[in-house]
Every structure is written in C-alpha cells, then in structure tokens.
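1. Sequence and predicted structure, then a few things I'm wondering about:
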There are 2 protein chains.
Amino acid sequence: MQIIPISVNQDVTKGDDIGRLVMQAVKANRVSMKNHDVVVVTQKIISKSEGRVLDLSTVKPSSQALELARKTNKDPRFVELILLESRKLVKYSENLIITETKHGFVCANAGIDQSNVSNPGDNSVLLLPVDPDLSAKRIRRVIADTIGINLAVVVSDTFGRPFRLGQTNVAIGVSGIDSIKSYVGRTDMYGNILRITEIAVADELASAAELVMGKTERIPIAIVRGYEFSFTESNNAKSLVRDSVHDLFR
Amino acid sequence: MQIIPISVNQDVTKGDDIGRLVMQAVKANRVSMKNHDVVVVTQKIISKSEGRVLDLSTVKPSSQALELARKTNKDPRFVELILLESRKLVKYSENLIITETKHGFVCANAGIDQSNVSNPGDNSVLLLPVDPDLSAKRIRRVIADTIGINLAVVVSDTFGRPFRLGQTNVAIGVSGIDSIKSYVGRTDMYGNILRITEIAVADELASAAELVMGKTERIPIAIVRGYEFSFTESNNAKSLVRDSVHDLFR
C-alpha cells in the first residue's frame, strides 16, 4: 500500500472545483490516478471552496455566547459561531469548548479553524463544510465524469479525543467506500467467531494520509493506493457517528 | 510512503523472540528492512511470546467480579481478569466494561482478548503485555544488534472510542520515535501561530498499518517506509495517555 502526498501550489478560494483541483494537482505532482485509489482531501480546502470563510468582525455574539466566552476565555464572536454550528454543548472548561456539531461530530470548537485561513491580524475563521459527505461525493463524481477513474474519496479533519493525548485525522466525509469494515460473523484463524467486528477504516485512511500531509506544508491531498476495498454507494462518514444514546461518555 | 504487510506463517508461543521473528518474517516475505523504517507489530504476538495467555478455568472470581459480571452479562472469571489488569473501573453497561488498565490505557475489557488465541472450546484469553514500551524497545534492540538496522517500533492494539463508531488501531508501545509530533510555536503558511499543535503520530502509524493487516489474516506485522521522523530514545506510548485529571470525560 502506498500513500502519495499531493502538494497544491495555489490558494483555494470560493467557487473552486475541488475535483478539478485534485486532478490538476495530481498531474502537477507527476502522479496519475488509478481505479480503486482512495483520495484523502483535508476539510480546509473544501471549506474554502465552499465559501465557509467568515470574518469574526461581522459576528454579533448572543448573551449565551458572551457567558460561555467568559467561562472559557474565548472570543465571544468565535463562541457565537461555535454555538451556531452545533446542536449540543457537550463539555467546556477553561480554554476548551466541545460540542456536537450539526453533522453529529463531537469535537472542539465545532471544528471551526483559525489557522491556515488568512494572514495574521485578519479575523477570518473557517467552518466545516455543511455536508462533507456530499463534498466527497462531488469530488468523486467530477473525477469519474472527467477522466473515467473510479475511486473513493475521504474528507479528513484533525480531532482530539478523550483518554489519549494528541490529535489524529479522522474522516468527516466519505464517498465510494464503507466507513466501517465489518468482520461480523467471520472467524479468526483458529475458527472462533471474531469479537472485534467493526474497524473504522475511513478514520484509519484519514490518519494514514495525515502522516504525509503534516500541518505546516501545502499538502492538502494524499492518494492511498493499494488498499483493498469494495465500492459502495450507500455509505458515508455519518455512519461513524455514535449517537449519544449509545455513548457511555455523553 | 509505503506500508508493507508482513505475514507470519507460524504460531507464536511463549519464549519466542519477536525481534528475531520479525527479521525472519520480513526475509520470508522477500522484503528487506531499512534504516528509518517503522515496524508496527500487533500486541497479540507479543503477548503470546511473553506468556500472557491464561486459561479462564484457572481463575477464581472475587465477589466484586461476580457482581460486575452479573451486571454486564459476562463470564465472572473474565471479569476477574479485567479487574486484576486494571487500576480503575471507568464505565460499564450491559455487555461492556471499560477500565483504565495498569498502563493507563482506557479501553474495553482491559485489552484482554478472546479471539485469535486458541481453538474453539478452549478457554484461553490473552492479556496485554506488562510493559508494551519495553516490548517495543526489545524488538528494536534485537534488530539493531543483529543486522545493524536502526528503526522505530510501534506495538499496536485495536481500541474503541467514545463519540465515534468502529474501532481503530492505536499505539500501546513505542520505541525510537516520538509518539506525538509537536507543532508548538510553528506557523501556518500565512505566518499565523498554529493552534493544532500535537499530532499523535504513533496512533496514526498503528492505524495506517491496520489497513494492510486485517483481522482474520496472518499479518501481524507491517513496515511503514518513507515516514519522516527523527529518532528519539526518551519517548514511549505512555506519553499518549491523558491522565484523568486532564480528561473532561472521566
């Protein structure tokens, strides 16, 4: 299995077609796409192309945002956006706000980003795509329609997690591949029914891609080649969301 | 970056030297190891080599184990082992026990495994290595001493997580590489100080390796080649453990 970093040497702006950008960047990197590749794209360039950049100076914080901002030492306008992007406040502490986003993802700051958005002094922030599964589907379709290559697309973002330090890349949008690989009913090499039954492969693909992307470089795309999977049209990253009823930690 | 699966065509038993087994298996797979490779090894073969197999029929459950077993519909002897391997019960529900292991890892069943251990009908279970960081260090040293190759070693296991469905592979033992890559103080491509500062690369390496390992196949080893890192002697998987004082979800 190979993981191929794809650099992009242009700023992405509203209206850019990420499917086309992926094809151009892959070509500029002297790589060719193949059927059954998995293309991992960071959320950041997708959000930019979808115009999800907002200027904090245009945001008027609500009284709820003002109160939460005081408790968490954050900019009230930033907190207002976090609340607007969320359906539930999960936890907060000094300097930390964890919510359940409208997509169902549990993460810090509703996934809103302040780095790699704009020049210092500017107040721009970047919201998550409205429907990252749809974003992934669009990229996949543009590539299939333009060059006839059938591949899977994973949209990745960097999330923290309970119990363990450090952040990892996870999948927030998926198209063409099952987010979860199920081993239900299969047996281990001794003939026992397996207990470990569901692997979140879309998250693992996102994590694998992060290893070649880094954070400070202009590598927002990676191609995973040689990963074995069957195409599916029905699955998406929403199937990675554990609902709060079945979550012991909410 | 390449991820190369390494199959092993023998049962691992107590006393086997995993460093030697890795070298033999790599050779049998017609691969050669290189300086700066990261070798990912599943916990399972390490635990077996360290004699961490236990027969449930030899276990006498305590009254605490009997009570917890009743509440969780589990074998009281299995629950007894979970408690013995843990320093704290974190959560439980019907069919689920989550503890903090003696290493500090928060996971189901204290990481004790019932699959890929022995034949059906047998009552064997497999405990985590006592010190997976030391296990990783030993593998690394044997390879360095025998063939003079300097590489990093990650011991992986499959854990569930809150908020998201499916399990992913994470690092429970690390030698030769920082578990966390820090971007503290670095700037993004616009010159802003980065907010996302710490990436759990050891977990991402374990996840990447899982993609070629699968669960039912005899592939307990993977080589990650071409991942850029600097060698370190001081770091280990324990640095991935978030202590409960700094965890909002315990």
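-> Good, I have the coordinates. Numbering: from 1, shown residues only, chains lettered A, B, ... in the order given.
2. Residue A:64: what's it in contact with?
-> By C-beta atoms under 8 Å, 6 or more residues apart in numbering or on different chains, residue A:64 lies in contact with residue A:83. C-beta: built from backbone N, CA, C; applies to glycine.
3. Name the helix or strand for it, please.
-> Per DSSP states H and E: residue A:64 is located in helix A:63-72.
4. what helices or strands is the next helix or strand after that helix leaning on?
-> Once helix A:63-72 ends, the next helix or strand along the chain (criterion: DSSP H and E) is helix A:76-84. Judged by 3 or more C-beta pairs under 8 Å, 6 or more residues apart in numbering or on different chains; DSSP states H and E, helix A:76-84 is in contact with helix A:63-72, strand A:96-101.
5. so of the ones you listed, which one's packed in deepest?
-> For the helices and strands packed on helix A:76-84, ranked by mean neighbour count under the definition mean count of other C-beta atoms under 10 Å in any protein chain shown, the leader is strand A:96-101 at a mean of 21.
6. for chain A, what spans make up the strands?
-> Secondary structure of chain A by DSSP state E: the strands cover A:2-6, A:38-42, A:53-55, A:86-93, A:96-101, A:106-108, A:124-126, A:152-159, A:168-175, A:181-182, A:198-199, A:221-225.
7. Those: which one's closest to residue B:31?
-> strand A:2-6 (14.4 Å; C-beta to C-beta).
8. from the chain's centre, how far out does the closest one sit?
-> 17 Å (C-alpha atoms, centre = their mean, to the nearest Å).
9. Ok, stretch A:232-239 next?
-> Mean-position distance between stretch A:232-239 and its chain equals 14 Å (C-alpha atoms, centre = their mean).
10. List the buried residues for it?
-> By neighbour count on 16 or more other C-beta atoms under 10 Å in any protein chain shown, the buried set for stretch A:232-239 is A:235, A:236, A:237, A:238, A:239.
11. just those residues now: which is nearest residue A:55?
-> residue A:237 (28.2 Å).
12. So which helix or strand of chain A has the lowest pLDDT on average?
-> strand A:181-182 (a mean of 91; mean pLDDT, DSSP states H and E).
13. Please enumerate residues in contact with it?
-> Strand A:181-182 is contacted from outside by A:197, A:198, A:199, A:201, A:229, using C-beta under 8 Å, 6+ apart.
14. Please identify the pairing partners of it and their relative orientation?
-> In the sheet, strand A:181-182 lines up against strand A:198-199 (antiparallel) (DSSP bridges).
15. Not counting the partner strand itself, show me its contacts.
-> A:180, A:181, A:182, A:183, A:184, B:158, B:165, B:166, B:167, B:168, B:210, B:215.
16. which of those residues tops the neighbour count?
-> Within these, residue B:210 tops the neighbour count with 28 neighbours, counted by other C-beta atoms under 10 Å in any protein chain shown.
17. Relative to chain B, how far out is residue A:94?
-> If you measure residue A:94 against chain B using C-beta to the nearest C-beta, to the nearest Å, the figure is 11 Å.
18. so how far is chain B from the closest residue to that residue other than its chain neighbours?
-> Nearest residue to residue A:94, sequence neighbours excluded (C-beta to C-beta, 6 or more residues apart in numbering or on different chains): residue A:73, at 6.0 Å. The gap separating residue A:73 from chain B is 14 Å, by C-beta to the nearest C-beta.
19. I figured residue A:73 was touching residue A:93, is that so?
-> No. In this structure residue A:73 lies outside contact range of residue A:93 using C-beta atoms under 8 Å: 10.0 Å.
20. I'd like the distance between residue A:65 and residue A:80.
-> Using C-beta to C-beta, to the nearest Å, we find residue A:65 at a distance of 4 Å from residue A:80.
21. Now the helix holding residue A:64: average pLDDT?
-> Averaged across helix A:63-72, the pLDDT comes to 97.
22. Next, the angle from that helix to strand A:86-93.
-> 30 degrees (axes from the mean of the first three to the mean of the last three C-alpha atoms, to 10 degrees).
23. how about the longest helix along chain A as PDB, C-alpha atoms only?
-> As assigned by DSSP state H, the longest helix anywhere in chain A is helix A:132-147. Taking C-alpha atoms only, helix A:132-147 is exported to PDB below (Å, rounded to 0.1, in the frame of the first residue of the first chain):
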ATOM      1  CA  PRO A 132     -18.900  16.800   3.900                       C
ATOM      2  CA  ASP A 133     -20.300  13.500   2.600                       C
ATOM      3  CA  LEU A 134     -21.800  15.500  -0.300                       C
ATOM      4  CA  SER A 135     -18.500  17.300  -0.800                       C
ATOM      5  CA  ALA A 136     -16.800  13.900  -1.000                       C
ATOM      6  CA  LYS A 137     -19.400  12.700  -3.500                       C
ATOM      7  CA  ARG A 138     -19.000  15.700  -5.700                       C
ATOM      8  CA  ILE A 139     -15.200  15.300  -5.900                       C
ATOM      9  CA  ARG A 140     -15.700  11.600  -6.700                       C
ATOM     10  CA  ARG A 141     -18.200  12.300  -9.400                       C
ATOM     11  CA  VAL A 142     -16.200  15.100 -11.100                       C
ATOM     12  CA  ILE A 143     -13.200  12.800 -11.300                       C
ATOM     13  CA  ALA A 144     -15.300   9.900 -12.700                       C
ATOM     14  CA  ASP A 145     -17.100  12.100 -15.200                       C
ATOM     15  CA  THR A 146     -13.900  13.800 -16.400                       C
ATOM     16  CA  ILE A 147     -11.300  11.100 -16.600                       C
END
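24. Compute the inter-axis angle for that helix and strand A:221-225.
-> 70 degrees.
25. thinking again about what came up before, so how many other residues sit close to the residue nearest to residue A:94?
-> By other C-beta under 10 Å, 10 other residues sit near residue A:73.
26. How about the backbone phi and psi for it?
-> Torsion angles at residue A:73 (phi, psi; degrees, to the nearest 10) stand at phi 60, psi 40.
27. That one and residue A:96: what is the separation?
-> Distance from residue A:73 to residue A:96, by C-beta to C-beta: 10 Å.
28. How about residue A:11?
-> Using C-beta to C-beta, we find residue A:11 at a distance of 30 Å from residue A:96.
29. likewise residue A:205?
-> Distance, residue A:205 to residue A:96, by C-beta to C-beta: 28 Å.
30. buried set for the longest helix of chain A?
-> Under 16+ other C-beta under 10 Å, the buried positions of helix A:132-147 are A:132, A:133, A:135, A:136, A:137, A:138, A:139, A:140, A:142, A:143.
31. can that helix be found next to chain B?
-> No. Applying C-beta under 8 Å from any C-beta of the partner chain, one finds helix A:132-147 separated from chain B by no less than 14.3 Å.
32. Run the chain-centre distance for that helix.
-> 15 Å.
33. Give me the packing partners of it, helices and strands only.
-> Applying 3+ C-beta pairs under 8 Å, 6+ apart, we find helix A:132-147 packed against helix A:18-28, strand A:38-42, helix A:43-49, strand A:152-159, strand A:168-175.
34. Now that we have these, can you turn them into JSON lines and tack on distance to residue B:191 and mean pLDDT?
-> Formatted as JSON lines, these follow (distance: least, C-beta to C-beta, whole Å; pLDDT from 0 to 100):
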{"stretch": "helix A:18-28", "distance to residue B:191": "23", "mean pLDDT": "98"}
{"stretch": "strand A:38-42", "distance to residue B:191": "19", "mean pLDDT": "98"}
{"stretch": "helix A:43-49", "distance to residue B:191": "16", "mean pLDDT": "96"}
{"stretch": "strand A:152-159", "distance to residue B:191": "20", "mean pLDDT": "97"}
{"stretch": "strand A:168-175", "distance to residue B:191": "24", "mean pLDDT": "98"}
